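Novice: the following block contains a protein sequence and its predicted model.
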Amino acid sequence: MPMIFRRWFVAATLLTCLCHGWTGDAPVQGATQRNSEHEDMVRLAVIGASASAGFGIVVEIENEAATPDDPTVPRTVKRMIRLIDLIDAADQQDRIIEFDLSSHMFFTRPFEYGRSSVDRTLSWKPDVVFAVDFLFWYVFGNRLEETRLESLRKGLAELERLAKTGVSLVVGTVPDLEGIKSPMISEEQIARSETVTEANRRIKNWAKTHPNVMVAPIFELSRTLNEGGPIRIGRHQWDPDRDGLELIAPDKLHPTYEGLICIAQAIDVELRRLPTERERFPMLDLDRSRLMELMRVRPGVSQTP
């Protein structure tokens, strides 16, 4: 196993132990258990890689088991935050049934993880699917540069199986990482800028052929962030310079807690462009401060290196 893969694997394993099963290293065995008999319930599946699975986003939350009478019980506990956790907390109407199939280990075998997660999603029959970082490791990773777009075609073919069912689907563009220095991805694994540009053109063109598919602008958000400008996502405004927030983790690859909220906001904006979801999908409270309250996250969230 190459050194960079070994370090990533060890980090993911340690996070699994830390969070007592809250990681996405292996697909979950079942969906959130809620009363699905109500006709206004919405079934949401999340598929994708480590960004959706919350790699490195470990925060302190208030311990519900803590009591003033027992000082031996810690007042806070560590928890990993996944994209599905943000959506669950933001769903104040409690109308979403979630099924999380994102995985920290997607990068090791994207073709196998991609097909398996789509197979399981199809079996579950969701109403909505978030696949915002599903295509990342079809473009990046250990493959020849001239084969990256063919690999992307295979990833889009997997998503095609979902799209043709009519399910509402949000995919993401891929960021341009050329020139970054990261302990999590080697220079050889990074697609060239021109490859990324063509990949995103193909992703958008594919989405245009499906009225039930929208594209979250991950490439555009990443570029704006690198340029240092403020980010506006629907009604949400982010200005990292003014707010002192870091949206990208120190590894230069994964989102921070706030960065994952940005992604959730972008997904929500694009999803609501679909006529079928403007009224059906419940309104989400994705304001950063409000989400911290809803999730009982302590101020000054931590980001595991």
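Specialist: Structure's in. What do you need? Here the structure is a predicted model, which means the values were calculated and not measured.

Novice: R82 against G56, yeah?
Specialist: No - R82 is beyond contact range of G56, at 11.4 Å (criterion: Cβ atoms under 8 Å). In this view, the C-beta of every residue, glycine as well, is placed from N, C-alpha and C.

Novice: tell me the spacing between T195 and D287.
Specialist: T195 is 36 Å from D287, where distance means Cβ to Cβ, to the nearest Å.

Novice: R278: which element?
Specialist: Assigned by DSSP states H and E, R278 belongs to helix 277-280.

Novice: tell me which residues in that helix are buried?
Specialist: E277 (16 or more other Cβ atoms under 10 Å).

Novice: and that helix, how far out from the chain middle?
Specialist: 21 Å (Cα atoms, centre = their mean, to the nearest Å).

Novice: the helix or strand following it: which residues count as buried?
Specialist: Toward the C-terminus, helix 277-280 is succeeded by helix 288-294 as the next helix or strand (DSSP H and E). Residues 291-292, 294 are the ones in helix 288-294 that count as buried (16+ other Cβ under 10 Å).

Novice: and if you look at stretch 74-94?
Specialist: Neighbour-count burial for stretch 74-94, counted by 16+ other Cβ under 10 Å, picks out 77-91.

Novice: likewise for stretch 229-244?
Specialist: 231, 233, 236, 238, 240.

Novice: so which of these sit within strands?
Specialist: 231, 233, 236, 238 (DSSP state E).

Novice: adding distance to I96 and pLDDT, write those residues out as CSV.
Specialist: Compiled in CSV, these are given as follows (distance: Cβ to Cβ, whole Å; pLDDT from 0 to 100):
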residue, distance to I96, pLDDT
I231, 25, 88
I233, 20, 93
H236, 20, 91
W238, 24, 87
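
Novice: for these, work out which two are farthest apart.
Specialist: Across these, no pair lies farther apart than I231 and H236, at 8.3 Å, counting by Cβ to Cβ.

Novice: hey, what's in contact with both of the two?
Specialist: C262 (Cβ atoms under 8 Å, 6 or more residues apart in numbering).

Novice: surely Y113 and H104 touch.
Specialist: No - the pair Y113 / H104 is not scored as a contact, 10.3 Å apart, by Cβ under 8 Å.

Novice: who's more crowded, the two?
Specialist: H104 (27 against 23; other Cβ atoms under 10 Å).

Novice: circling back to that earlier point, the more surrounded of T195 and D287?
Specialist: T195 (20 against 15).

Novice: which residues touch the spatially closest residue to the more buried one that is not a sequence neighbour?
Specialist: Nearest non-adjacent residue to T195, counting by Cβ to Cβ, 6 or more residues apart in numbering: R148, 5.3 Å away. Contacts of R148 were listed using Cβ under 8 Å, 6+ apart, and they are 138-140, 191, 195, 199.
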